[in-house]
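Novice: below is the structure, and that's it, no one-letter string:
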């Protein structure tokens, strides 16, 4: 599966937005509008790749990952559109809460926990790239607490961990938000591809044992979509 630049639409600052004095420079900060744009871009990407995600899941899971993720993020966008949001954390927390209530299987609790943990850590109208990294790290920790997965288990973690490592390394090398987000997306996609030869040790795929080898993990794939969406939005 190749993850391309398949996003559409423009997320403009509206009349009720914080305004130019509240920091809309996406090279330095993520603000509430950026967070909303990110989640909407995830929804678009998940919808565009839903069939591919489901095909991947059919090989080693319940054949519903794409269906569930599309349903969940469609509900997220509807929930976000129904209210006004003051902080990045509010946007991400609502995203997580909605995913938990609408996405079936393990994906809802895992992604929901990740977004809620990130939201709890990012309770400001705008956050720096370093703060975003801390929030995303809190999200990964929540995923690992809930799913007890480690790198190499053929799960979400195998894309999430390298994404954060790449984001952190890029910031250390002086990258701005867009550069760090691109690095994170590249890291997530590399981790996603690396799941193909792995033997699954968690979830339904683990029941297959060695037969799970040769199949890219669907959760790692949707995680890569999430980080590529962040890169696309940060680069606008």
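Specialist: Cool, the structure landed. None of the values given here were measured: they were computed from a predicted structure.

Novice: which residues of the protein score low on pLDDT?
Specialist: For the chain, the stretches with pLDDT under 70 are 1-27.

Novice: quick one: contacts of the host helix or strand of residue 168?
Specialist: Following DSSP states H and E, one finds residue 168 within helix 157-172. Under the criterion C-beta atoms under 8 Å, 6 or more residues apart in numbering, residues 114, 129-130, 133, 136-137, 139-140, 143-144, 147, 149-152, 179-192, 194-195, 198, 217, 219-221, 223-224, 227 lie in contact with helix 157-172. In short, each C-beta sits where N, CA and C put it, glycine included.

Novice: give me the buried positions along it.
Specialist: By neighbour count with 16 or more other C-beta atoms under 10 Å, helix 157-172 contains the buried residues 157-164, 166-168, 170-171.

Novice: past that helix, which element shows up next along the chain?
Specialist: Counting by DSSP H and E, what follows helix 157-172 is helix 177-194.

Novice: strands of this structure, residue ranges please.
Specialist: Residue ranges of the strands in the chain, as given by DSSP state E, are 30-31, 126-127.

Novice: could the ones you listed go into TSV alongside distance to residue 85 and mean neighbour count?
Specialist: Below are the strands of the chain laid out as TSV (distance: least, C-beta to C-beta, whole Å; neighbours: other C-beta atoms under 10 Å):
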stretch	distance to residue 85	mean neighbour count
strand 30-31	11	25
strand 126-127	12	23
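
Novice: closest to residue 41 out of the ones you listed?
Specialist: For residue 41, the closest of the strands of the chain is strand 30-31, at 12.9 Å, according to C-beta to C-beta.

Novice: for that closest one, name the packing helices and strands.
Specialist: Counting contacts by 3 or more C-beta pairs under 8 Å, 6 or more residues apart in numbering; DSSP states H and E, strand 30-31 is packed against strand 126-127.

Novice: list the strands paired with the strand it packs on, with their directions.
Specialist: Paired strands of strand 126-127, with direction, are strand 30-31 (antiparallel) (DSSP bridges).

Novice: re the thing from before, which of the strands of the chain sits closest to residue 81?
Specialist: Taking C-beta to C-beta, strand 30-31 is the member of the strands of the chain nearest to residue 81, at 17.7 Å.

Novice: which residues are in contact with the residue lying closest to residue 39 once chain neighbours are set aside?
Specialist: For residue 39, ignoring the flanking residues on the chain, the nearest one in space by C-beta to C-beta, 6 or more residues apart in numbering is residue 95 at 5.3 Å. Going by C-beta under 8 Å, 6+ apart, residue 95 touches 39, 76, 80, 115, 119.

Novice: got it, and residue 100?
Specialist: Here residue 100 is in contact with 108, 109, 112, 113, 116 (C-beta under 8 Å, 6+ apart).

Novice: among these, who's most crowded?
Specialist: Taking other C-beta atoms under 10 Å as the neighbour criterion, residue 112 ranks highest of the contacts of residue 100 with 25 neighbours.

Novice: if we can go back for a sec, in JSON lines, list the buried residues of helix 157-172 along with distance to residue 103.
Specialist: Listed next are the buried residues of helix 157-172 as JSON lines, based on distance: C-beta to C-beta, whole Å:
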{"residue": "157", "distance to residue 103": "18"}
{"residue": "158", "distance to residue 103": "20"}
{"residue": "159", "distance to residue 103": "17"}
{"residue": "160", "distance to residue 103": "17"}
{"residue": "161", "distance to residue 103": "22"}
{"residue": "162", "distance to residue 103": "23"}
{"residue": "163", "distance to residue 103": "20"}
{"residue": "164", "distance to residue 103": "22"}
{"residue": "166", "distance to residue 103": "26"}
{"residue": "167", "distance to residue 103": "25"}
{"residue": "168", "distance to residue 103": "28"}
{"residue": "170", "distance to residue 103": "30"}
{"residue": "171", "distance to residue 103": "31"}
